[in-house]
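>>> After the sequence you'll find the predicted model.
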Number of protein chains: 2
Amino acid sequence: MKRILILFSLIITLQLSAQTDAETIKTIFNNTLTNGMSYQWLDHLSNQIGSRLSGSLNAEKAVQYTKEEFENLGLDRVWLQPVMVPRWVRGAPEFAYIETAPGKTTSVNICALGGSIATPAGGVKANIIEVNSFEELEALGKENIKGKIVFINRPMQADLINTFEAYGGCANERYSGASEAGKYGAVGLIVRSLNLRLDDYPHTGSMSYGDLPSSKRIPSAAISTNDAELLSSMLALDKNIKLYFSQHCKQLADVQSYNVIGEIKGSEFPNEIIVVGGHLDSWDLGDGSHDDGAGVVQSMDVLRLLKESGIRPKRTIRAVLFMNEENGLRGGNKYAEEAKRKGEHHVFALESDSGGFTPRGFSFQSSEAMLAKVQSWKPLFKPYLIHYFEKGYSGADIGPLKDDNIVLAGLRPDSQRYFDHHHASNDTFEHVNKRELELGAGAMTALIYLIDKYGTDTISNDTKLKD
Amino acid sequence: MKRILILFSLIITLQLSAQTDAETIKTIFNNTLTNGMSYQWLDHLSNQIGSRLSGSLNAEKAVQYTKEEFENLGLDRVWLQPVMVPRWVRGAPEFAYIETAPGKTTSVNICALGGSIATPAGGVKANIIEVNSFEELEALGKENIKGKIVFINRPMQADLINTFEAYGGCANERYSGASEAGKYGAVGLIVRSLNLRLDDYPHTGSMSYGDLPSSKRIPSAAISTNDAELLSSMLALDKNIKLYFSQHCKQLADVQSYNVIGEIKGSEFPNEIIVVGGHLDSWDLGDGSHDDGAGVVQSMDVLRLLKESGIRPKRTIRAVLFMNEENGLRGGNKYAEEAKRKGEHHVFALESDSGGFTPRGFSFQSSEAMLAKVQSWKPLFKPYLIHYFEKGYSGADIGPLKDDNIVLAGLRPDSQRYFDHHHASNDTFEHVNKRELELGAGAMTALIYLIDKYGTDTISNDTKLKD
């Protein structure tokens, strides 16, 4: 009888607790949709400040602005964490054309890849060799490539439902294309923009020369998908056409910048730290609204929504706005380095860096036990049409925190439109929908609330771990 | 032993059949994403033809265009089903301003509601009475309303996740506002646009005077959400301001139009008919890309994707492009009437009329048994992030087919952005994402494939039915 009573009271407790969680999460979503700050903050970041390339004046304005906004929230602690960041500048706009005969030219849309060197002052003009992969480059060899511009025209795979998978399938061509092509004596590299859509926007992104000596480094740029199709079809008609391009970018000395951090102190376990974050820097072409203004304002709003919803967390919750994700990851590395140096105990970190679209769920780098725990919360998210709770990637900035004692997670918004805007001049505020952005902030807050309340099962505690 | 063998072979069969379904559905999705026609057809409908108000020349062009495209698909049968439709025309653009003192005016953005009468030639100018509901109107009564313009400023409820629910909460004020206000002697009706966003676009939509005599009919228009906020805040400062508006719309005589129908004949049960459809007409302000160009091209693509994917349906599959959903439902009614007259046996109908956004699932008007059957297919849709299979609304055009022998369903795309564009001049092609549209067509084709293969459990067969 006693056992039955205990069981009965346990059921009652669980039911009450489930009910309370459902109600709390409803309060969170009501708050984000009716008095959220994400959209207003993003409006300022995007339209009053603008693009926030590491080391730029705008990036520093964004540091000051977000620090002030954190301070206005009445958090327990707000601070700047110094970090030296690279400073690459685009300079005067790029210019490029296809030349079919002397004096007969067609302009095409390109942009320098981040980290690239400039062309010589007068630009580069040469014949073009089109390939789809590094294997093709190798097969062609120096005799076919030397003195030419290599054009890597590898389209993103359209039949993958998760567009980030399609991105992953082509990103290496952008990142390492110049060093690969440079080995064979190419004089320039042009890559097809990483965009699933056919349009006129070139998409930038980081590239690296690896350990290639300066003498072998060649300028590299992305061409819009429409112009990649044009160039390819013109090459199919005549191998002897030429491409001209000029760009004026350069790498300057590193400069001082900051991660911006706001914190609510835990009421029971202040030494257990939960991080939620996005990156404050962006590329320079648009205003970085989706990448990653959205993640920044959502992370800020998590702290505000917790307070607005009357939640006093047991653990310490930190919103971290990382600097320099795009071309260096210096902020993420610095944050992890400092955490380690101070012996801080991080139990959970969540990143939003996949755009401000309707949230579909989260992916986790965690133990099996933790994944099962999170999946048991799925019914709580169902009213908000949030269904996806699976193993997968978390985020670049929180990656350096990874060890066996932390669970990492990434917000997974709908990914269909992300690469229409990613790293291009049309990553702008008008392409963010207020409700979609706010629902993302609500989903993040709800997850942080549950993690804080029920804790994490980490890999170091996990005896059932299989992979 | 024999029983075990039968069970074993049943399991094997089920497994094989499940595998085949998963593969078939993968083929469907690959086809829609890599060689779908939806986007190209929508480009033509939206950019070459444009808005398609019932009775307009454009609506007739759309009939001819879609009929020809059906014919190009090599279907078993393509035909036009005649239907008389109402013809309402907007005439010269509307004009409106707020007057704070003689000669001191501020322009505001309005559009006539579909079905409204014009203002007198010189327009209407009067004091304004702001209300949120018909109950407030009743409480105010004739003495407070007579001679004034009634302004119904009821915002859509922002904390509802399904924005169609929020729409449902306000649509009656638009539909019946003029007849309600007219009863109390109002001289005009202005309703807040049914838009969750604050912007400058007025959103039209159908209204009705019910059985109000002509002498009591008053002109009615929608005002943009930004201007609704402006008008409300100006009224809060000064009750004596006036609103002027003029509009030139009129109802002409009915004209001949058509539902456009394409059909693949069933190989085993040709007399069991499955319908998939959207509506070909649209409002006149944008180009009707989301409402409902998307549903039209997706329905057309269902037939094409079945063929492309090598599926020979057992039952007859009809794509029906209904005319006059927006202001009369004449096409939907005519289709059902003809089906009944001919004694046709319709087993399933699916409508897409909620925009060309990422598909989240389907809602069903069905028996419990049929819902359970559909829900057992959920794992087949999981790779495409399609999770929602619940009871709910199907669609206006297929509604008249409802009886106990048919299952009705509606595609449920992500609804967050729909009312930003619905019935407004920004319902245009550039706001449709190619992949989102194609995924919708893929989801519809996959559902039709399963329904055709496994049949329906109808209410008339359902002994377990509870509601």
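Here it is on my side, so go on. Numbers count the residues shown, from 1 in each chain, chains lettered A, B, ... in the order given.

>>> and the closest residue to chain B within the stretch 101-250 of chain A, how many neighbours?
Per C-beta to the nearest C-beta, A:Asp159 is where the stretch 101-250 of chain A lies closest to chain B, at 4.5 Å. C-beta: built from backbone N, CA, C; applies to glycine. A count of neighbours around A:Asp159, defined by other C-beta atoms under 10 Å in any protein chain shown, yields 12.

>>> Does it touch B:Leu33 like I think?
Yes: with contact defined as C-beta atoms under 8 Å, A:Asp159 reaches B:Leu33; the gap is 4.7 Å.

>>> which parts of the stretch 151-300 of chain A sit against chain B?
Within the stretch 151-300 of chain A, the residues that sit near chain B (C-beta under 8 Å from any C-beta of the partner chain) are A:158-159, A:161, A:163, A:196-197.

>>> which ones among those are found in helices?
Among these, the members falling in helices (DSSP state H) are A:Thr163.

>>> which one of the residues of the stretch 151-300 of chain A next to chain B is nearest B:Leu306?
Each of these was checked against B:Leu306 using C-beta to C-beta; the closest is A:Asp159, at 17.9 Å.

>>> how close does A:Ala112 get to A:Lys148?
In this view, A:Ala112 and A:Lys148 are 19 Å apart by C-beta to C-beta, to the nearest Å.

>>> between these two, who's got more neighbours?
With neighbours defined as other C-beta under 10 Å, A:Ala112 and A:Lys148 compare such that A:Ala112 has more, 27 against 20.

>>> So the more buried one is in contact with A:Trp88, correct?
No: A:Ala112 is not in contact with A:Trp88 according to C-beta under 8 Å; the separation is 9.1 Å.

>>> Quick one: neighbours of the spatially closest residue to A:Leu45 that is not a sequence neighbour, just the number.
Among residues not flanking A:Leu45 along the chain, A:Gly293 sits closest, at 4.9 Å (C-beta to C-beta, 6 or more residues apart in numbering or on different chains). Here the count is done by other C-beta under 10 Å, and A:Gly293 has 34 residues near it.

>>> Please verify my assumption that A:Gly293 contacts A:Gly286.
No: with contacts counted by C-beta under 8 Å, A:Gly293 stays clear of A:Gly286, the gap being 9.6 Å.

>>> Please tell me how far A:Gly392 sits from chain B.
Here the criterion is C-beta to the nearest C-beta, to the nearest Å. By it, A:Gly392 lies 13 Å from chain B.

>>> any idea how far A:Arg360 is from that residue?
Using C-beta to C-beta, we find A:Gly392 at a distance of 12 Å from A:Arg360.

>>> Quick check: next helix or strand after the lengthiest strand in chain A?
Looking only at chain A and at elements set by DSSP state E, the strand with the highest residue count is strand A:250-264. Where DSSP states H and E defines the elements, the next helix or strand beyond strand A:250-264 is strand A:269-279.

>>> any idea of the angle that following strand forms with strand A:250-264?
Here the directions of strand A:269-279 and strand A:250-264 differ by 140 degrees (axes from the mean of the first three to the mean of the last three C-alpha atoms, to 10 degrees).

>>> Strand A:269-279 pairs with which strands, and in what direction?
For strand A:269-279, the paired strands and their directions (DSSP bridges) read strand A:315-322 (parallel), strand A:345-351 (parallel).

>>> phi, psi of the residue lying closest to A:Leu53 once chain neighbours are set aside?
Nearest-residue entry for A:Leu53: A:Asp284, 4.3 Å, with adjacent residues in sequence omitted and distances by C-beta to C-beta, 6+ apart. Dihedral angles phi and psi of A:Asp284 (degrees, to the nearest 10) take the values phi -100, psi -10.

>>> that older thread, what residues are up against the residue nearest to A:Leu45?
With C-beta atoms under 8 Å, 6 or more residues apart in numbering or on different chains as the criterion, the residues that contact A:Gly293 are A:42, A:45-46, A:282, A:287, A:356, A:432.
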